[in-house]
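Colleague: Got a predicted model here, sequence first, then my questions.
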Amino acid sequence: MKKYNDLYLAAFLSAKGIILKDMKQDDSGRWAFEFNDQAEVPELIKEFRFDPFVRAFVRSIKDLKYYLHNPRMIKMEDLDDEENQRRKRI
């Protein structure tokens, strides 16, 4: 079995049908997600790390989480311009 600390990778593997066997929190508060060893996992990890759509999707989730936790720091009109510019580059 393989363990991963990356929540986004764990969600991706789960969405791709890899079976989550266990989740454990260590003393520092970090979670480890333990998956079955399946032949397709290494290829799925490559897809997660390098596929442009997957990377953009993860980045968008991280951005939205940041905006949710820092609403006073974000001007929606600035956000619209930044998002549009970033999406044009993808």
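Modeller: That came through, no problem.
Colleague: Verify the stated contact: I18 with V41.
Modeller: Yes. In this structure, I18 is within contact of V41 by C-beta atoms under 8 Å, at 6.1 Å. Yep, even glycine has a C-beta here, placed from its N, CA and C like the rest.
Colleague: anything in contact with each of these two?
Modeller: F35 (C-beta atoms under 8 Å, 6 or more residues apart in numbering).
Colleague: more crowded one of those two?
Modeller: I18 (19 against 16; other C-beta atoms under 10 Å).
Colleague: What pLDDT does the model give the more buried one?
Modeller: Per-residue confidence (pLDDT) for I18: 95.
Colleague: all strands for the protein, in order.
Modeller: Assigned by DSSP state E, the strands in the chain fall at 2-4, 20-25, 31-35.
Colleague: Residue ranges in this protein under the pLDDT threshold?
Modeller: Scanning the chain for pLDDT under 70 picks out 73-90.
Colleague: still on that earlier bit, mind putting the strands of the chain into a markdown table with mean neighbour count and distance to E47?
Modeller: Shown next, in a markdown table, are the strands of the chain (neighbours: other C-beta atoms under 10 Å; distance: least, C-beta to C-beta, whole Å):
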| stretch | mean neighbour count | distance to E47 |
| --- | --- | --- |
| strand 2-4 | 16 | 14 |
| strand 20-25 | 11 | 18 |
| strand 31-35 | 17 | 15 |
